[in-house]
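how would this look folded up:
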Amino acid sequence: MVKIDAKIPEGPLAQKWTNYKAHQKLVNPSNKRKLDIIVVGTGLAGASAAASFGELGFNVKVFTIQDSPRRAHSIAAQGGINAAKNYPNDGDSVYRLFYDTVKGGDYRAREANVYRLAEVSNSIIDQCVAQGVPFAREYGGLLDNRSFGGAQVSRTFYAKGQTGQQLLLGAYQALMRQVEKKTVTMHTRTELVNIVLVDGKARGIITRDLVTGKLERHFGHAVVLATGGYGNTFFLSTNAMGSNGSAIVRAFQKGAMFANPCYAQIHPTCIPVHGEFQSKLTLMSESLRNDGRIWTPKKKEHAEAIRAGKMKPTEIAEEDRDYYLERRYPAFGNLVPRDVASRAAKERCDAGYGVGATGLAVYLDFKEAIERLGEDVIRARYGNLFQMYNKIVDENPYETPMMIYPAMHYTMGGIWVDYELQTTVPGLFCAGEANFSDHGANRLGASALMQGLADGYFVLPYTIQNYLADDIRTPRMTCDEKEFVDAEAESKDRLSKLLSIKGKRSVDSIHKELGLVMWDFVGMARNKEGLQEAIDKIRAIKKEFWSNLRIPGTGDGMNIELEKANRLADFIEIGELMALDALDREESCGGHFREEHQTPEGEALRHDDKYAYVSCWQYQGEGKEPAKNVEPLNFEEIELVQRNYK
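The predicted model follows:
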């Protein structure tokens, strides 16, 4: 077993980040100009990191598969971003944000990283306001806040239902300012296909131009991956269809450990699946649970009548409605964390109380809020979300309750990083959703945007200097070195192998098959037998993929099916790794719910004596099971207790 060093600084928890910054190594301005940093991904983590590196004076090369950084999936985030400013004066603090985040993650996150996240959260809001991000404001002009799941305070800053878009535009403007100053070179419609190691250190990447098909070599003294999560392993998810896990799989195969792959978040507030030809799912922001009340009929005959189209939800009397979250969790009500709300919805539907044509839906009702506040107030808070629902479902949510159901949304697992956000490969850093570091087994709503911007604006600019300070005498490489040539040849062989299969199955048909296996066996509820079956099925899918896949066209020029096939090969690897990790972790925690390990009330049952650690998986080669290492989680400030939102 490999000994894993998280490099957590000495001292009290609240002083660790201050102590780190006081003693880190620095790079002086003239030496920064001699150093190149590669950033892969232009979402909130990647764009903010690249902009910050450029502002510091480093030479930055940034890569995105999109035609513009503005199309990164961060743009889809709706509800808000957390910070501990305590503007409502309702009892919030840095410590409470830290505590809520660790508790929300079911005590499976590293204390030091989470405290730092809470500590820098306030600076994120100041940074974004300075950039002109149009956060919602109260009548008096102060920034407004709303509540999100897992907290009893209002700490979420928002811009209607388009917070991610506005934050990304702020980061994009900062990034493009550096492009104009020529500290940053932008490469759009370009995908990472390999990582180059020289003497054990990350020294560059191999990319494929998605328009011309050309492979190119790029040198960097350090490489930062900020490529998002792997939720599309499930095929149907709230992620953009281009979102993928290929960059982190390349890192895994080059020696970076993959941490907690089984931790995947099912979001409780999504538009239900409506047909077998659907290609993605749509998120309805968790912020809707501030004013919407979730319910199902109390009587099965009413649920059956609704499913048969013989009854409308508006015809169900108040006394015949089961506001099950308020009933089960009176202290938090509709604002319980996502994993708790998702499992509760599944339980009601499995028991026969679900609504909609499939029975896999519950209601999110704004009738009481509209009567209390007025339709104009609800329209001001959520208007664009209501409009989106109306366009997709063709029902007016101001008059008829929304139908929602859980869907795959976010991945808490990812590449293992230490306190500096460096992977187990020296010089290879990982930020945002692509790493594992801050959310434990379940992410609280509005914390993804917080983590991405914290990593990019306020953590990496310090920690990457600590690494690069020893590289100021390392000359730039020409990219003609053997390691670059070999990495390019390896990438070319992989693409050629995909194109040479010439089978009969389309990429999407195989991806859908994988997605069904993942949802059925590695989804909201898991058990030993199901996970073993999933592993067998995924390995059969892998065999089918590499023997019967059909990719039309060639590798020269644009070939979207080749792009998708290359990514699907990696999703298959991730799916197997998720199932292996879920099988190995014989407890329930956060989004990982093993049916064999639950309380009499049906809540997640942890086993802290056995599993209070990070599972760190190490690649062993093609066709071999990865080796598991562990990073023990030591809690100095928080007592490990059973989560209680009642």
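
buried sites along stretch 637-644?
R643 (16 or more other CB atoms under 10 Å). Where C-beta positions appear, they are placed from N, C-alpha and C, glycine not excepted.

Just the CA trace of that stretch, in PDB.
The C-alpha atoms that make up stretch 637-644 are tabulated as PDB, following Å, rounded to 0.1, in the frame of the first residue of the first chain:
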ATOM      1  CA  GLU A 637     -12.800  20.000  15.200                       C
ATOM      2  CA  ILE A 638     -15.900  17.900  14.500                       C
ATOM      3  CA  GLU A 639     -17.400  15.000  16.300                       C
ATOM      4  CA  LEU A 640     -18.500  12.200  14.000                       C
ATOM      5  CA  VAL A 641     -22.200  11.600  14.700                       C
ATOM      6  CA  GLN A 642     -25.200  10.200  12.800                       C
ATOM      7  CA  ARG A 643     -26.600  12.900  10.500                       C
ATOM      8  CA  ASN A 644     -29.900  14.200  11.700                       C
END
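
now the strands for the stretch 51-200 of the chain?
Taking DSSP state E, counting those that start in this stretch as the test, the strands found in the stretch 51-200 of the chain are 59-63, 81-82, 156-157, 184-187, 190-198.

what sits against D536?
Going by CB atoms under 8 Å, 6 or more residues apart in numbering, D536 touches no other residue.

Can you spell out which helices and strands pack onto the helix or strand harbouring D493?
Using DSSP states H and E, D493 sits in helix 482-499. Contact partners of helix 482-499 among helices and strands, from 3 or more CB pairs under 8 Å, 6 or more residues apart in numbering; DSSP states H and E: strand 190-198, strand 201-209, strand 215-219, helix 560-584.

which outside residues touch the lowest-mean-pLDDT helix or strand in the chain?
Sorting the helices and strands of the chain by mean pLDDT, DSSP states H and E puts helix 375-393 at the bottom, at a mean of 94. Around helix 375-393, the neighbours that count as contacts under CB under 8 Å, 6+ apart are 78, 146, 160-162, 271, 282, 284-285, 287-288, 290-291, 366, 369-370, 395-398, 402-403.

same thing with stretch 216-223?
Outside of stretch 216-223, the residues that reach it under the criterion CB under 8 Å, 6+ apart are 35-38, 40, 61, 63, 190, 195-196, 202-209, 427-429, 464, 467-468, 471, 474, 476-479, 484, 487-488.

Buried only: go through those residues for me.
Buried positions within those, assessed by neighbour count (16+ other CB under 10 Å), are 35-38, 40, 61, 63, 190, 195-196, 202-209, 427-429, 464, 467-468, 471, 477, 479, 484, 487-488.

ok so, going back, what mean pLDDT does the helix or strand following the helix holding D493 have?
Moving toward the C-terminus from helix 482-499, the next helix or strand (DSSP H and E) is helix 507-521. Model confidence over helix 507-521, given as mean pLDDT, is 98.

Same question for stretch 456-473.
Per-residue pLDDT values over stretch 456-473 give a mean of 98.

List the buried residues of it.
456-468, 471.

Output that stretch as PDB, nothing but the C-alphas.
Only the C-alpha atoms of stretch 456-473 are listed here, as PDB (Å, rounded to 0.1, in the frame of the first residue of the first chain):
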ATOM      1  CA  GLY A 456      -9.000  29.000  -9.300                       C
ATOM      2  CA  TYR A 457      -8.900  32.500  -7.800                       C
ATOM      3  CA  PHE A 458      -7.600  31.800  -4.300                       C
ATOM      4  CA  VAL A 459      -5.900  28.400  -3.900                       C
ATOM      5  CA  LEU A 460      -3.900  27.400  -7.000                       C
ATOM      6  CA  PRO A 461      -2.200  30.900  -7.400                       C
ATOM      7  CA  TYR A 462      -0.500  30.200  -4.100                       C
ATOM      8  CA  THR A 463       0.100  26.500  -4.200                       C
ATOM      9  CA  ILE A 464       1.300  26.200  -7.800                       C
ATOM     10  CA  GLN A 465       4.000  28.700  -7.000                       C
ATOM     11  CA  ASN A 466       5.200  26.500  -4.100                       C
ATOM     12  CA  TYR A 467       5.800  23.800  -6.800                       C
ATOM     13  CA  LEU A 468       7.200  26.000  -9.600                       C
ATOM     14  CA  ALA A 469       9.700  27.800  -7.300                       C
ATOM     15  CA  ASP A 470      12.000  24.800  -7.900                       C
ATOM     16  CA  ASP A 471      11.500  24.900 -11.700                       C
ATOM     17  CA  ILE A 472      12.800  28.400 -12.400                       C
ATOM     18  CA  ARG A 473      16.000  26.900 -14.000                       C
END
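
The nearest residue to L373 once chain neighbours are set aside: neighbouring residues, count only.
Spatial nearest neighbour of L373, chain neighbours left out: D291 (7.3 Å); criterion: CB to CB, 6 or more residues apart in numbering. Neighbourhood size, D291 [other CB atoms under 10 Å]: 21.

Now for D291: which residues touch it?
Counting by CB under 8 Å, 6+ apart, D291 touches 366, 369, 373, 378, 381-382.

Tell me the spacing between it and Q618.
Computed with CB to CB, to the nearest Å, the distance linking D291 and Q618 is 47 Å.

do D609 as well
24 Å.

what residue ranges in the stretch 401-550 of the chain score low on pLDDT?
Across the stretch 401-550 of the chain, nothing is flagged by pLDDT under 70.

what are the ranges of the strands in it?
Secondary structure of the stretch 401-550 of the chain (DSSP E, counting those that start in this stretch): strands located at 402-411, 414-415, 428-430.

Secondary structure element holding E622?
Going by DSSP H and E, E622 is not in any helix or strand.

do K628 as well
strand 627-632.

Okay, now the sheet partners of that strand, with direction.
Strand 627-632 sits in its sheet next to strand 613-618 (antiparallel), going by DSSP bridges.

Please identify the buried residues of the partner strand?
Counting neighbours by 16+ other CB under 10 Å, one finds that the buried residues in strand 613-618 are 613-618.

give me every residue that touches L56.
Counting by CB under 8 Å, 6+ apart, L56 makes contact with 32, 461, 465.
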